[in-house]
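Enquirer: when you get a sec, could you give me coordinates for this:
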Amino acid sequence: MTGVLLPCIPAPSLKNAYLNLTDEDKKTILKVYQEYNENLKLMINRGFSQGTYERHVTSRKHLERFINETFHLNDYYMKDIDHSFIVKYDLYLRIKRNCANNTTTKYIGNFGKIIKIGINNDWIRKKPTAGTS
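Expert: As a prediction, the model looks like this:
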């Protein structure tokens, strides 16, 4: 009697199937923000300034530090962004990064552009807060 050979299924694929995760569910905020910044860089002097690009690079760095320090993660799933995340990020900018009100508002606004991309692509099911448009 011969043994039955079963196909080799990679562990992440098995986990995603078990948890019913799609590719959209696996989209992460820092990867999406990086793609946004790469596209923004291509638009310098074509409707966007070098300063705008640099502000978004800095904004992404703040977000990366926030995710690492607050959640002890290297990235965060878009589908898990909620109002609580936004509130914690706002407090992080004000307290840990010592940002003034206008600076915090700018960083939250920059982040809001990424949130909007997530909503428009159905990676985020509903708008986490009214202040991120």
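
Enquirer: report how many residues lie close to the closest residue to residue 50 other than its chain neighbours.
Expert: Spatial nearest neighbour of residue 50, excluding adjacent residues (C-beta to C-beta, 6 or more residues apart in numbering): residue 44 at 5.4 Å. No exception for glycine: its C-beta is placed from N, CA and C like everyone else's. Neighbourhood size, residue 44 [other C-beta atoms under 10 Å]: 14.

Enquirer: where is the longest helix in this protein?
Expert: Scanning the chain for the helix with the most residues, using DSSP state H, yields helix 50-71.

Enquirer: didn't the residue nearest to residue 50 look like it was pressed against residue 51?
Expert: No. Counting by C-beta atoms under 8 Å, residue 51 is not a contact partner of residue 44; they are 9.5 Å apart.

Enquirer: still on that earlier bit, ok, the residue nearest to residue 50 to residue 37 distance?
Expert: According to C-beta to C-beta, to the nearest Å, residue 44 stands 11 Å off from residue 37.

Enquirer: tell me the mean pLDDT for the longest helix of the chain?
Expert: Mean pLDDT, helix 50-71: 97.

Enquirer: quick one: common contacting residues for residue 44 and residue 37?
Expert: residue 53 (C-beta atoms under 8 Å, 6 or more residues apart in numbering).

Enquirer: list the helices and strands the strand or helix carrying residue 38 packs on?
Expert: Residue 38 belongs to helix 29-42 when assigned by DSSP states H and E. Contact analysis of helix 29-42 by 3 or more C-beta pairs under 8 Å, 6 or more residues apart in numbering; DSSP states H and E lists helix 50-71, helix 101-120 as its packing neighbours.
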